[in-house]
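K.L.:
Task: produce atomic coordinates for the following.
(chains A, B and C)
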Amino acid sequence: MPTVSMTVNGKPVSAEAEPRTLLVQFLRETLRLTGTHVGCDTSQCGACVVHVDGRAVKACTALAMQFEGAEVTTIEGLADGAELHPMQAAFREHHGLQCGFCTPGMIMAAVEMVERLGGPLDEATIRHELEGNICRCTGYHNIVKAIAAGSAEMSSGVREAAE
Amino acid sequence: MTETGIGAPVRRLEDQRFITGTGNYTDDVNVAGQGYAYFVRSPHAHAAIKSIDTSVLKGMSGVVGVLTGEDVAADSLGPLPAGWMIHSKNGDPMKAPGHPLLAQGKVRYVGDPIAVVVGETFAEAKDAGEALLGAITFDELPASVDPVATTAKDAPQLFDDVPNNTAFDWELGNKAETEAAFKAASHVTTLNIVNNRLVPNAMEPRAALGDYDAGTGTITIYTTSQNPHVARLVMSAFLNLAPEHKLRCIAPDVGGGFGSKIYVYSEEVVCGWAAKRFKRAVKWTAERTESFLTDAHGRDHVTKAELAMDDKGKILGLRVHTVANLGGYPSLFSTSVPTYLYATLLSGQYDIPAIYAEVDAVYTNTAPVDAYRGAGRPEATFVVERLVEVAAREMGIDPATFRKRNFIKKFPHQTPVIMAYDVGDYHASLSKAMDLVDYKGFGKRKRASAKDGKLRGIGFSAYIEACGIAPSQAVGSLGAGVGLWESAEVRVNPVGTIEVLTGSHSHGQGHETTFAQLVSDRLGQPIENVSIVHGDTDKVQFGMGTYGSRSGAVGMSAISKALDKVVAKAKKVAGFILEASDADIEFKDGNFTVAGTDKSIDWTSVALQAYVAHKFGPDDMEPGLKEGAFYDPTNFTFPAGVHICELEIDADTGVTTIENWVAIDDFGTIINPLIVSGQVHGGIAQGVGQAMLEGAAYNDNGQLVTASYMDYCMPRADDLPSFTVDHTVTPCPSNPLGIKGCGEAGAIASPAAVMNALTDALGHEDIQMPATPQVIWRAAQKTITKAAAE
Amino acid sequence: MYAFDFHRPDTVRKAATLLGKAEDPKLLAGGQTLLPTMKQRLAAPANLVDLSQVEGLDAIELKGRTLHIGAMARHVSVANSDTVREAIPALAALAGGIGDPHVRNMGTIGGSLANNDPAADYPAAALALDATIVTNRRKIPADEFFQGMFTTALEEDEIITKVMVPIPRKAAYQKFDNPASRYALVGVFVAKRSSEVRVAVTGAGQDGVFRATALEDALKARFAPKSLDGVTMPADDLNADIHAGADYRAHLITVMARRAVAAA
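P.N.:
Residues are numbered from 1 along each chain as shown, chains lettered A, B, ... in the order given. From the prediction side, this is the model:
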């Protein structure tokens, strides 16, 4: 069986995997990083979104072998130790989650959304950009609020760093 | 109000694990050596199974074993039962054949499980399962898919002993009085309504992990359940899987349910059974298409509804005939949904002197239908609120005025359909909603839209629901197979921290926070010193679980009762320490004080003293500080409110935008406004989904056309607006906390608000749900043609 | 997903050799359509040839009046490319509207064209803009490339290396999303070039992307929304499904075309 090597949440990992192993299976089953979820089979729901080399990717629609040598960040690797990422904190502060199942994908999508577009983001942009993430619990109202707040916080952090 | 007490918008305690990816859902649980189950399912809607040749699996890689319907029969495992008895008009009991765990000679819908193959990996199990499907010989039968046509004499029959595919024909209300009301009416409004079939679509697919401990003979099943104790009871008492004391059900973090995870399904039972048979753990996780095919669906009513008025628009009577589709088999609570959860709410918020409802429940070759968020009550609200809106329009009365004229104003109010409404102020919520939506300014906005070539409409929905389900005696008299109380146990540790064991189950509702708020409030303790334990039959003695917006009104009332007992005993302990009678001990903000003195002791010290038992003897009282309670409600609760939807149609494409949404709900006491608003938002989204996006569609052969997110339209962020959510409050008199329940209101209220707004914009009533862009475009063509003719 | 062998060649030549020699091979570009299809076990290649390590396949350059877009250019790159935005803003906008952000981070123009999904966006752009599909063997004009849904002029061991897109005078794309899948229920790309007007329609045709000649004729005299007044599309060869009947699709084509012309 071939071996796949990549860096996941800052740690180098290497494991045997069948070529048909999806990235999400590699994360959940081989590495036991079960924070990344699977909610559909057709690449629609976004519960499986992780970052690969800084880009948001649906881990259910990618083979682990496509990412040989890549840097992968999952929800487990987003916080800086005990300190939550501003987007994680914003989801809690604004009640942007209920059952929590879509949440890891939502947060990873939201972080990349801000990194890609800059912030703060307005409601229309956020709603449009969430096209690839489905939530059944929240009606999106508080997710949108959380991302707006998180995007403001992230961009204020960027501004401070630049100053 | 303290920062963490009742009424405070406490940030959820459970969120830490969900936002850091450290939640623990069923599919996250792994047992060393586990095999993986793949269910071989019927590709046909209706067929006899002639033979299953399991020998094709010989030599296939990674096959652990296979089980079929023959094995189910050999092990005497019972079928999935119907848990609510309904009687037909003539007194006959309903016809409710059981649903075999694995097919017994016949399959009745696409997805019906036939066999399970357990493999070393899921891929190997699936490879083998596909091979096995090829080795099954079917005798395909014509399918009966349409709920109205299924009762015809020449329709294909699903069961030998269920004539006309009819489970029951049931009635409620007074037929003669209702007919008299219609005779006396000066205006009658008639509507034909299709309440579309929905797929609940919790984002976490159903999953199960069965494990068998040969040493103790215990089966443990991790399962995506809203009520693990009920699951264990059913698996034990009805399915004969194992006696309750040798069966443990654990529902860990559950990723949404909305009703679909109330029921016991074949898969979790089979995983437990297969674990015992094959002596190794067996795991199954549904693929999304499997969820579409086999999760219990919701709604699916075809209704003729009529409303009778006098010449002033006062409602005289309501008459309803509904055909309810049960699918291929009765599911656990499916027979209660179109009956006691539906027809009992047909009075809405209105004083209607006479109501008569008839419901025919029928079988078709489709997935079983059961409770989905609201369960019967959305269907009732839709009937009532569409009728009322159309009646007002037909009589030339403003719909708000029409409603006010007919609102119930005095409480308690006995409706003609069983329910006794305890309290409410329907006028208050309507007025508040009209102010917030700026109803007066609507005409101006409509004209502005018209200038842009757009059609604008506004629609009301004044809903009522019966929640806090439910008084056990009452539901028992109506046919329920169980009581619907709730249990709680409050354990105070020697260091004063508190564990609350509850029979309610959280799958997104935030119980770990709201329940802890109640405890923090009552015991004056920091909320982080409280933990809520649920979802494990080895930890919590028993519980009825979470559905029907019951966890606050029933589950928290049980905790409240247990807390009363804990405080009473703690006072006794304090009395011994402070050398005073417990009657003289006051408990406030976590301190016990002898009334009128400065003698006082804090909570932590009392907890420790309860356990060290140095200050009292065996004759005085038992050591320890732990109390349990069962709470059985005395009535249903009746949350009610008004939702208003304002929208704009682009007639050129049918694309419709919700411009404003105002929800005013009366949920009684609110424990955590943040969580309550979240429940409303989510409910509205599901209701808007029903009205405009979602619909499970079967073709004539019984194939589910909408079996993935490619074809079943889930509401996305850009389909919805932000909502204005506010409240009026009339505390519920029938439980100690004044709670009514909030979980289903949004889904109950919203479809009628959308359709009333759409039909207002269109100027005619000729449209059904789901009003997709195509459906709205077609309806708008009629509007344009009509306008041209005028 | 069925088992397969995985290959990562670093040159087009090696990839072509694999395609020629390996049993039942399939190219993997972004994988956003292929992998879901394989997961559903509707496709089962024995060998998967990943193009992501082939150097130079993702370049985007303007040469004269023609954009050269590498086959492995991801949708997000095309959408955000200053070169594309300046030269053919309609193409950048189209790329920015494919699927969702995560799909755009993986999906490629070459993969989309080679797959020729009847509801994909890029085929409409390629056809309307009279693009040339360049392979390891030859150059294929868009008019010859698309041969019915999921069917193209590509030979079995042929690999798209880039797409050449001449800059039009005016162009715009308007898409009406399938409410569920968010693929194009109807997508109309209009392009006005010095010599002609081209209107390509995706999502609607039973045979995949096609040119709407009735609309082209109407726009020839004057490239303005008004020119389409009263012009109707025949519904005969259009798709009908639960989301849209053929008549609704036909109507949407004219609406999207009018809006595209207005936006161009």
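K.L.:
tally of neighbours for the nearest residue to C:Lys192 once chain neighbours are set aside?
P.N.:
Excluding the flanking residues, the one nearest C:Lys192 by Cβ to Cβ, 6 or more residues apart in numbering or on different chains is C:Lys170, at 4.3 Å. No exception for glycine: its C-beta is placed from N, CA and C like everyone else's. C:Lys170: 15 surrounding residues under other Cβ atoms under 10 Å in any protein chain shown.
K.L.:
Ok, A:Ile107 next?
P.N.:
For A:Ile107, using other Cβ under 10 Å, the count is 30.
K.L.:
Return the distance of it relative to B:Thr20.
P.N.:
Distance from A:Ile107 to B:Thr20, counting by Cβ to Cβ, to the nearest Å: 9 Å.
K.L.:
Need the overlap of contacts for these two.
P.N.:
Common contacts of A:Ile107 and B:Thr20 (Cβ atoms under 8 Å, 6 or more residues apart in numbering or on different chains): A:Ile75, A:Leu78, A:Gln88.
K.L.:
Those into JSON lines, with extra columns for neighbour count?
P.N.:
JSON lines is the format used below for those (neighbours: other Cβ atoms under 10 Å in any protein chain shown):
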{"residue": "A:Ile75", "neighbour count": "30"}
{"residue": "A:Leu78", "neighbour count": "22"}
{"residue": "A:Gln88", "neighbour count": "27"}
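K.L.:
So which of the residues you listed would count as near chain B as well?
P.N.:
A:Ile75, A:Leu78, A:Gln88 (Cβ under 8 Å from any Cβ of the partner chain).
K.L.:
How about the contacts made by the first one?
P.N.:
By Cβ under 8 Å, 6+ apart, the residues touching A:Ile75 are A:Gly35, A:Thr36, A:Val50, A:Thr103, A:Pro104, A:Ile107, A:Met108, B:Ile19, B:Thr20, B:Gly21.
K.L.:
One more pass at 10 Å, please.
P.N.:
Taking Cβ atoms under 10 Å, 6 or more residues apart in numbering or on different chains, we find A:Ile75 in contact with A:9, A:33-37, A:49-51, A:85, A:88, A:103-108, A:111, B:18-23.
K.L.:
Just the buried residues from the residues you listed, in ChimeraX please.
P.N.:
Selecting the buried subset of the contacts of A:Ile75 in ChimeraX, with 16 or more other Cβ atoms under 10 Å in any protein chain shown as the burial test, is done by:
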select /A:9,33,34,35,36,37,49,50,51,85,88,103,104,105,106,107,108,111 /B:18,19,20,21,23
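K.L.:
mind listing what the closest residue in space to C:Ser81 that isn't next to it in sequence touches?
P.N.:
Spatial nearest neighbour of C:Ser81, excluding adjacent residues (Cβ to Cβ, 6+ apart): C:Ile60 at 4.9 Å. Neighbouring residues of C:Ile60 by Cβ under 10 Å, 6+ apart: C:67-70, C:73, C:77-78, C:80-84, C:87, C:109, C:162.
K.L.:
What residues are bridge-paired with C:Ile60?
P.N.:
Under DSSP bridges, the beta-bridge partners of C:Ile60 are C:Ile69.
K.L.:
Can you give me the separation between it and A:His51?
P.N.:
For C:Ile60, the distance to A:His51 equals 23 Å [Cβ to Cβ].
K.L.:
ok, how many other residues are close to the closest residue to chain A within the stretch 201-350 of chain B?
P.N.:
Scanning the stretch 201-350 of chain B for proximity to chain A using Cβ to the nearest Cβ identifies B:Gly255 as nearest, at 3.0 Å. Neighbour count of B:Gly255, defined by other Cβ under 10 Å: 30.
K.L.:
where does it land in three-state SS?
P.N.:
Secondary structure state of B:Gly255, per DSSP: H, G, I helix; E, B strand; the rest coil, is coil.
K.L.:
For the closest residue to it other than its chain neighbours, give me its contacts.
P.N.:
Nearest residue to B:Gly255, sequence neighbours excluded (Cβ to Cβ, 6+ apart): B:Glu204, at 2.5 Å. Counting by Cβ under 10 Å, 6+ apart, B:Glu204 touches A:37-39, A:47, A:99-102, A:136, B:23, B:25-27, B:224, B:253-257, B:261, B:285-286, B:291, B:507-508.
K.L.:
In strands only, show me those.
P.N.:
If you go by DSSP state E, those have B:Thr285 in strands.
K.L.:
Which members of the contacts of B:Glu204 are positioned in helices?
P.N.:
B:Ser291 (DSSP state H).
K.L.:
Of all residues in chain A, which one is closest to chain B?
P.N.:
Closest residue of chain A to chain B, Cβ to the nearest Cβ: A:Gly35 (2.0 Å).
K.L.:
That residue contacts A:Leu78, correct?
P.N.:
Yes: taking Cβ atoms under 10 Å as the definition, A:Gly35 is a contact partner of A:Leu78 at 9.2 Å.
K.L.:
shared neighbours of these two, anything?
P.N.:
Listed as contacting both A:Gly35 and A:Leu78 by Cβ under 10 Å, 6+ apart are A:Val50, A:Pro104, A:Ile107, A:Met108, B:Ile19, B:Thr20, B:Gly21.
K.L.:
Show the model's pLDDT score for the fourth one.
P.N.:
So the one you mean is A:Met108. At A:Met108, the predicted lDDT confidence score is 98.
K.L.:
Would you mind measuring from it to A:Glu76?
P.N.:
With distances taken as Cβ to Cβ, A:Met108 is found 11 Å from A:Glu76.
K.L.:
Find residues that contact each of the two.
P.N.:
Shared contacts of A:Met108 and A:Glu76, defined by Cβ under 10 Å, 6+ apart, comprise A:Gly35, A:Thr36, A:Val50, B:Gly21.
K.L.:
what subset of the contacts of A:Ile75 is also close to chain C?
P.N.:
Residues of those in contact with chain C (Cβ under 10 Å from any Cβ of the partner chain): A:Val49, A:Val50, A:His51, A:Gly105, A:Met108.
K.L.:
any low-confidence regions in chain A?
P.N.:
By pLDDT under 70, the low-scoring segments of chain A are A:157-163.
K.L.:
near chain B at all, whichever helix or strand C:His251 is part of?
P.N.:
For C:His251, the element it lies in under DSSP states H and E is helix C:246-263. Yes: counting by Cβ under 10 Å from any Cβ, chain B is contacted by helix C:246-263 at C:Asp247, C:Tyr248, C:Arg249, C:His251, C:Leu252, C:Thr254, C:Val255, C:Met256, C:Arg258, C:Arg259.
K.L.:
That helix: which residues count as buried?
P.N.:
C:246, C:248-261, C:263.
K.L.:
do the same with stretch B:163-179
P.N.:
Buried residues in stretch B:163-179 (16+ other Cβ under 10 Å): B:164-175, B:178.
K.L.:
Determine which two of these are furthest apart.
P.N.:
Maximum pairwise distance among these (Cβ to Cβ): 28.7 Å, between B:Asn165 and B:Asn174.
K.L.:
show me the contacts for B:Pro113.
P.N.:
B:39-42, B:68-69, B:99-103, B:107, B:265-267, B:270, B:290, B:294.
K.L.:
What residues are bridge-paired with it?
P.N.:
B:Arg41.
K.L.:
For it, give its distance to B:Arg41.
P.N.:
Using Cβ to Cβ, B:Pro113 is found at 6 Å from B:Arg41.
K.L.:
Also B:Asn701?
P.N.:
B:Asn701 sits 16 Å away from B:Arg41, going by Cβ to Cβ.
K.L.:
picking up where we left off before, tabulate the ones next to chain B among the shared contacts of A:Ile107 and B:Thr20 (TSV), appending secondary structure.
P.N.:
Formatted as TSV, those follow (three-state DSSP):
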residue	secondary structure
A:Ile75	helix
A:Leu78	coil
A:Gln88	helix
